[in-house]
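S.K.: Could you work out the structure for the sequence below:
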Amino acid sequence: MPKQVSNPTDRPAYVTDATLAAHFGVNKATIWSWVKRNGFPAPVKLSPQMTRWRWADVSAWEAAQMQVA
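M.R.: Numbers count the residues shown, from 1 in each chain. I've put the predicted structure just below:
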């Protein structure tokens, strides 16, 4: 049976720092550190108490990092 390939559209449009930390295998504090120091995409403030990242921005950053390495 062929391996099922995940469709990029299966991802939500916005993700939390916890989701990103799990995706990259790091602590949530590392995500915030990357924003300040490593050019990681800035989060979007959706409401006064809701900060999220656009998955498309994170994917683009990740792809750019793969090309640099």
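S.K.: What is the neighbour count of the residue lying closest to residue 41 once chain neighbours are set aside?
M.R.: In space, and not counting its chain neighbours, residue 41 is closest to residue 57: 3.8 Å by C-beta to C-beta, 6 or more residues apart in numbering. From N, CA and C alone the C-beta is placed, and that goes for glycine too. Residue 57: 15 surrounding residues under other C-beta atoms under 10 Å.
S.K.: Over to residue 57: give its phi and psi.
M.R.: Note on residue 57: backbone dihedrals following degrees, to the nearest 10 are phi -70, psi -40.
S.K.: roughly how far apart are it and residue 16?
M.R.: Distance, residue 57 to residue 16, using C-beta to C-beta, to the nearest Å: 14 Å.
S.K.: and what of residue 31?
M.R.: For residue 31, the distance to residue 16 - C-beta to C-beta - is 9 Å.
S.K.: same deal with residue 37?
M.R.: 20 Å.
S.K.: Thank you, goodbye.
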